[in-house]
Each structure stands twice: as structure tokens, then as C-alpha cells.
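[1] The following comprises the amino acid sequence and a computationally predicted model.
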Amino acid sequence: MIRKKLIAGNWKMNKTSADASTLVQEIVAEVGRVTDVDILVCPPFTSLESAGKLLEGSNVKLGAQNMHHEASGAYTGEISASMLRSTFATYVILGHSERRTYFAENDKFINQKVLAALKNQLKPVLCVGETLAERESGATLKVVQTQLEGALEGVSKEQATSVVVAYEPVWAIGTGKVATTEQAQEVHAFIRSLLVKLFGDAIAQKVRILYGGSMKPSNAPELLAQKDIDGGLIGGASLESRSFVELVKAAAAAK
Ligand code: PEP
């Protein structure tokens, strides 16, 4: 398989530094030597530095959950790409639906972040996905297309292979409702076809498209067996080492 599966944990606004260190240590002990699946943890900003030190020498990668596109300046409360790089983070989640909904992030703003991340050698995990109302009105593919094309404007072919896309139907995030494998695969294949149009087939075949939305050990094997589902972006089930490790094992079995 040309694309190695990626299991990524989005810890959101959970865990103090001490709690984060415990979880990182448990994950490293269990799957720190795994090479056939890429593993990523994205703790809150306050734990990035300590988590990065604990991850050193393991195969588990470090990511942030957001960043600002400017290099520095008067942006109270914000964090730049170079600040993330100094913590050994190599990935950053961008455009998560919670950022779009609660912090009014739009495609233009997310695009600026994507470009700044790539310029600083950070791999963006770009989240796209429709709300329940959008799905019910038949707008899913249009919404995903607008978000994807908007966020990737100006990204070069060379940069595109560093991008990870996460399809996260908003109605499935943290709700326990999972997209059916058919619903997920349909959108993943559509995203792949858009990537072909943007970057050509050879590059599109290398870009990983993760599924996110109530993924857990019980539903992961079926989702991860789909042709265009290259891993998972996991919220709730990434907060506990046992379920996160089981997801890594499910991805290894699915490849
Ligand atoms: C997420 O927020 O990226 C996510 C997929 O959350 P959950 O797994 O809890 O639905």
C-alpha cells in the first residue's frame, strides 16, 4: 500500500501537563516501536514541550491543535508555527469544526494557516466536513469541496504530499453517531478525486485522508478497511491509552 495508515489523537482541551505526560508514557510503552502505522498525538499547547521530550526516540509523532498564520506579533493568546516547531511538533490540526463553529474560522483564514504551516515544515491535518443540516439537504459534497479547495489554495504539488486531510462529519464528532462505511468511503473517494484535479493522480494517491467522528475500537476495523480511508483522527477514544492503542492495532491489521 502506497499510503501508510495514520492514527492521530486530538486531545482537545483535556489533560493537565501531568496527565498528558502519563498518557504519553503509556502510549510510548505500548506502541512507541510500531513502524507499520504512523501515530500522532496532539495535546493542548501547555503540554507540547513536555510531551515532546517524552516522545523523543519513539516513533510517536507530536502535533498541535491549532496555530496562527503570522510569524510573530500582537496576536494575544496565539501561537506561531515556529513556536510549535521549537516543541518538536511536526503536525498541526487546522480547520477543526470546533474552530470553525466556536471561533468563526473560515476557509480563507484556514488557508493562511495551511500555507504558513507548510512554509514552516509543519504537516497540516486539514479538517473538512458537513453539518447534519447540510447532509440532510444534500449539500455534503459541495460543502466538502468548498472547504477543501478553499483551504488548499496556493498549495504547490511539492507541498501537497505533506498535507493530511481529515473528513469529519460534524454530526458524528463526539456524538457517538458514526458515518456508515459507505457514507465515509463515498466522501473519501470524492476528496481523492478533488485532489487528483488539484495536484494530479500521482500526488493524490499519496495524500492520506483520515476519518474522524466517534471512531473507536469497535467500529474502526470496518472503516479502516475502506479503500480511501487511510487512518483516523480520534477525539474521545484518544484520551485513554487502552482504546488509542487498540486503534493503532486495528490500523496495523487493516493495512
Ligand atoms: C474530533 O474531534 O476530531 C473527533 C473525531 O472527536 P470524536 O472522536 O470524539 O468524535
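    The structure has been received and is ready for your questions. Note that the structure is a prediction, hence the values are computed from the model and not measured.
[2] okay, CA-based contacts and neighbour counts for the rest of this
    Noted.
[3] For His68, give me its contacts.
    Glu78, Ile79, Ser80, Ala81, Lys113 (CA atoms under 8 Å, 6 or more residues apart in numbering).
[4] can the host helix or strand of Leu40 be found next to the ligand?
    Leu40 belongs to strand 38-42 when assigned by DSSP states H and E. No: using CA under 6 Å from any ligand atom, strand 38-42 stays clear of the ligand, coming no nearer than 10.4 Å.
[5] just the strands in the stretch 151-255 of the chain please.
    164-167, 208-212, 231-234 (DSSP state E, counting those that start in this stretch).
[6] if we compare those, which one ends up closest to Thr90?
    Thr90 sits nearest to strand 164-167 of all those, at 12.1 Å, using CA to CA.
[7] does Ser21 really touch Ser50, like I thought?
    Yes: at 7.0 Å, Ser21 counts as touching Ser50 under the criterion of CA atoms under 8 Å.
[8] What parts of the stretch 101-250 of the chain come near the ligand?
    Counting by CA under 6 Å from any ligand atom, the stretch 101-250 of the chain sits next to the ligand at Ala172, Ile173, Gly174, Gly212, Gly213, Ser214, Met215, Leu233, Ile234, Gly235, Gly236.
[9] Contacts only, for the last one.
    Listed by CA under 8 Å, 6+ apart, the contact set of Gly236 reads Trp11, Gly174, Ser214.
[10] Ranking by neighbours, what's the top pick from those residues?
    Ser214 (25 neighbours; other CA atoms under 10 Å).
[11] And that one, how far from Gly32?
    To Gly32, Ser214 is 24 Å away according to CA to CA, to the nearest Å.
[12] what about stretch 74-87, distance to the chain center?
    Distance of stretch 74-87 from the chain centroid (CA atoms, centre = their mean, to the nearest Å) equals 19 Å.
[13] Buried ones in that stretch, by neighbour count?
    By 16 or more other CA atoms under 10 Å, the buried positions in stretch 74-87 come out as Ile79, Ser80, Ala81, Ser82, Leu84, Arg85, Thr87.
[14] And for stretch 190-200?
    For stretch 190-200, by 16+ other CA under 10 Å, it's Phe190, Ile191, Arg192, Ser193, Leu194, Leu195, Leu198, Phe199.
[15] Could you find the closest non-adjacent residue to the fourth one?
    Okay, so that is Ser193. Sequence neighbours aside, Ala204 is the residue nearest to Ser193 in space, at 7.9 Å (criterion: CA to CA, 6 or more residues apart in numbering).
[16] Could you do the third one as well?
    In space, not counting the residues next to it along the chain, Arg192 is nearest to Ala204; the distance is 6.2 Å by CA to CA, 6+ apart.
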